[in-house]
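> just a sequence and a predicted model for now, questions to come.
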Amino acid sequence: MTTRIDGRKLAEQIRLKVAEDVAGAAGTSGRVPGLATILVGDDPASAVYVAAKRRAIREVGMRDFHRALALQATQKEVADVIDELAADPEVTGILLQLPLPAHLDAHQLIDRIPVTKDVDGLTTASAGLLARGEHGLRPCTPLGVIELLDAEGIPLMGAHVAVVGWGELVGRPLAQLLLRRGATVTVAHEFTTDLAAVTLPADIVVVAAGVRGLIGPEHIKPGATVIDVGIHRTDAGLTGDVRSDELEGIAGCITPVPGGVGPMTIAMLVLNTLRASEWIGTAA
């Protein structure tokens, strides 16, 4: 039988623990973490994601600072908002919702976020800290994947892991996190000529390619763990990068879509906001 990994259950446990820590810190020091979300434009999917993040922040007792900017906002206008939030001691975390409108330079804007408030772990400084294995805030989805694997008791030390996808949000940082845990990591991507040759030997396959139904039985060895990061909206509902129904009885464990990695991403954002508050408090 293939085990379905319940990301919702683990995410709820993490959020409850964060809520306890927030309440405890507020009672002793009076300091309450606060997340500032910045939404530029009126993209419906981005609005839904930001609303879910803001709701999660409020539910654990943190402060919710939100800035909504017009689609026509200039680079300077967005930069000024980031700078204002960076200087605000009540704001302990800043999240610039991606993707941005095409006329804005996302990399330049993200790099204006102080490394201590970079709860998405996407600044150049945060990437450098990750590469060197130094203390810092890590990208939320890769963190969520590691937490899921640990919760299921799936060993990483010595495991062969195939990461399908080389993006800045998931694939690259996840590969580095896995290497730090002693895994042997192979990264595949859109130019990989024989994908099955990379994934079939793997004990763990993480798929974050953004290609619906990319991975099926021909890619997975019996008993392997499959983590599906992809999410696609269809008339029948949400689906992922993995043809999960076809892996029943083949994969040892698999994350469903929805209910797998998605809830963990928001849980890690909440946890990162708490960690950012503690980091700032230590540096103060």
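That came through fine. Small disclaimer: the values here were computed from a predicted structure and weren't measured. Numbering: from 1, shown residues only.

> for the rest of this, base every contact and every neighbour count on C-alpha atoms.
Will do.

> show me where pLDDT drops low in the protein?
281-284 (pLDDT under 70).

> swap the cut-off to 80 and go again
Low-confidence segments of the chain (pLDDT under 80): 280-284.

> how about the strands in it?
Ranges of strands within the chain are 3-4, 34-40, 63-69, 93-96, 160-164, 184-188, 204-207, 225-228, 232-234, 237-239, 253-254, based on DSSP state E.

> most packed of these?
Stretch with highest mean neighbour count among those: strand 204-207 (a mean of 28; mean count of other C-alpha atoms under 10 Å).

> so how many other residues sit close to residue 87?
11 (other C-alpha atoms under 10 Å).

> export the strands of the chain as CSV, with columns for distance to residue 269.
What follows is those, written out as CSV (distance: least, C-alpha to C-alpha, whole Å):
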stretch, distance to residue 269
strand 3-4, 23
strand 34-40, 9
strand 63-69, 13
strand 93-96, 9
strand 160-164, 22
strand 184-188, 25
strand 204-207, 20
strand 225-228, 19
strand 232-234, 21
strand 237-239, 22
strand 253-254, 23
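
> any idea which of those strands gets closest to residue 77?
With respect to residue 77, and counting by C-alpha to C-alpha, the nearest of the strands of the chain is strand 63-69 at 8.7 Å.

> just checking: what are the partner strands of the closest one?
Pairing partners of strand 63-69, with direction, according to DSSP bridges: strand 34-40 (parallel).

> and the strand it pairs with, C-alpha only, in CSV?
As requested, C-alpha coordinates have been extracted for strand 34-40 and formatted as CSV (Å, rounded to 0.1, in the frame of the first residue of the first chain):
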residue,chain,number,x,y,z
GLY,A,34,4.6,41.0,12.6
LEU,A,35,4.5,40.0,9.0
ALA,A,36,4.2,42.7,6.2
THR,A,37,2.8,41.3,2.9
ILE,A,38,3.1,43.4,-0.2
LEU,A,39,0.7,42.7,-3.1
VAL,A,40,1.3,44.6,-6.4
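
> quick one: which of the strands of the chain is nearest residue 145?
Comparing these against residue 145 with C-alpha to C-alpha, the closest turns out to be strand 225-228 (7.5 Å).

> and the closest one, which strands flank it?
strand 204-207 (parallel), strand 253-254 (parallel).

> tell me which of the strands of the chain sits nearest to residue 177.
By C-alpha to C-alpha (comparing all of the strands of the chain), the closest turns out to be strand 184-188, at 10.0 Å.

> now the angle from that closest one to strand 160-164?
20 degrees (axes from the mean of the first three to the mean of the last three C-alpha atoms, to 10 degrees).

> quick one: list the elements packing against strand 184-188.
Applying 3 or more C-alpha pairs under 8 Å, 6 or more residues apart in numbering; DSSP states H and E, we find strand 184-188 packed against strand 160-164, helix 171-180, helix 195-199.

> what angle do it and helix 171-180 make?
Counting by the same axes, to 10 degrees, strand 184-188 points 170 degrees away from the direction of helix 171-180.

> hmm, who's touching stretch 131-138?
Contact with stretch 131-138 is made by 115-116, 118-122, 126, 129-130, 173, 176, 180, 272, 275-276, as judged by C-alpha atoms under 8 Å, 6 or more residues apart in numbering.

> span of that stretch from start to end?
11 Å (C-alpha to C-alpha, to the nearest Å).

> buried set for it?
By 16 or more other C-alpha atoms under 10 Å, the buried positions in stretch 131-138 come out as 136-138.

> got the residues you listed as TSV, with distance to residue 237 columns?
Output for the buried residues of stretch 131-138, formatted as TSV (distance: C-alpha to C-alpha, whole Å):
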residue	distance to residue 237
136	36
137	33
138	30
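
> closest to residue 99 out of those residues?
Once C-alpha to C-alpha is applied, the member of the buried residues of stretch 131-138 that ends up nearest residue 99 is residue 138, at 18.8 Å.

> quick check, central residue of the protein?
The centroid of the chain falls nearest to residue 141 when counting by C-alpha atoms, centre = their mean (1.9 Å).

> re earlier: most tightly surrounded among the helices and strands packed on strand 184-188?
Comparing the helices and strands packed on strand 184-188 by mean count of other C-alpha under 10 Å gives strand 160-164 as most buried, with a mean of 25.

> may I have it as CSV, with CA atoms only?
Extracted in CSV, the C-alpha atoms of strand 160-164 (Å, rounded to 0.1, in the frame of the first residue of the first chain):
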residue,chain,number,x,y,z
HIS,A,160,19.7,9.2,-3.1
VAL,A,161,17.4,12.1,-3.9
ALA,A,162,16.3,13.2,-7.3
VAL,A,163,15.0,16.8,-7.4
VAL,A,164,13.1,17.5,-10.6
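
> noted, bye for now.
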